[in-house]
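S.K.: curious how this folds, go ahead:
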Amino acid sequence: MKIKSILIFLLFTSCHPLFCSWQNGYEELNYEPSKREIIGKYELSEKSKSYLNEDYYTWPLKLKISENKQFKFLFEDNPESLADKIFADKEKGNDSKKNKTGKWFYSFMDKEKICYFELEGICVQPLCKKDGKISIMITIGDGDECNGIVYEKVE
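M.R.: So this is what the prediction gives:
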């Protein structure tokens, strides 16, 4: 009985939950994908749009991962928004809402069988798949709060 009580106590007092609902349905890659598998165009998932509610249009709706290790978020005439705060690039003086660019990287941890994906200055997350398509997850705010959005590969 003591062990059960301790487990329940830890479950409800732990800083980080066991899982985040926004990640449901996505499977972490347990192999090293080819560069070709990652390169392409991604769009904000419908579930992410729903999470962002009526403000989803204030986020870049598309993401392009290029062969030259560059990424580009496409704002497509989105109004000034929360995304501007998230993707602000004050050091370079880039206040363009048209796009945010940077470098991307991935590394496969053979021992753990996890592929980590990084959008420089934005996120480092395990690379995932859903319905056979690569998905890039971005945690919003403090990871303990379990909020995030997902870009799913469309081409």
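
S.K.: for the closest residue to I149 other than its chain neighbours, give me its contacts.
M.R.: Nearest residue to I149, sequence neighbours excluded (Cβ to Cβ, 6 or more residues apart in numbering): S48, at 3.9 Å. Quick note: C-beta positions are derived from backbone N, CA and C, even for glycine. When contacts are counted by Cβ atoms under 8 Å, 6 or more residues apart in numbering, S48 is found next to 22, 56, 148-151.

S.K.: now swap in T139 and tell me
M.R.: With contact taken as Cβ under 8 Å, 6+ apart, T139 is in contact with 123, 125, 147-148.

S.K.: redo that, cut-off 6 Å
M.R.: G148 (Cβ atoms under 6 Å, 6 or more residues apart in numbering).

S.K.: now the element after the lengthiest strand in the chain, going C-ward?
M.R.: Taking residue count as the measure and DSSP state E as the definition, the longest strand of the chain comes out as strand 99-109. Heading C-terminal from strand 99-109, the first helix or strand you meet, by DSSP states H and E, is strand 114-119.

S.K.: relative orientation of that following strand and strand 99-109 in degrees?
M.R.: Computed by axes from the mean of the first three to the mean of the last three Cα atoms, to 10 degrees, the angle separating strand 114-119 from strand 99-109 equals 160 degrees.

S.K.: C-terminal to the helix or strand of the chain with the lowest mean pLDDT, what's the next element?
M.R.: Taking mean pLDDT, DSSP states H and E as the measure, the chain has helix 2-13 as its least confident helix or strand, at a mean of 47. In the C-terminal direction, the helix or strand that comes right after helix 2-13 (DSSP H and E) is strand 27-28.

S.K.: who's in contact with that following strand?
M.R.: Contacts made with strand 27-28 from outside it, assessed by Cβ under 6 Å, 6+ apart, are listed as 114, 126, 128-129.

S.K.: filter these down to the buried ones.
M.R.: Burial by neighbour count, 16 or more other Cβ atoms under 10 Å: within those this picks out 126, 128-129.

S.K.: and of these, the nearest to M137?
M.R.: Comparing the buried ones among the contacts of strand 27-28 against M137 with Cβ to Cβ places C128 closest, at 6.1 Å.

S.K.: for that closest one, give its distance to S21.
M.R.: C128 sits 15 Å away from S21 when distances are taken as Cβ to Cβ, to the nearest Å.

S.K.: equivalent analysis for N147, please.
M.R.: N147 is 10 Å from S21, where distance means Cβ to Cβ.
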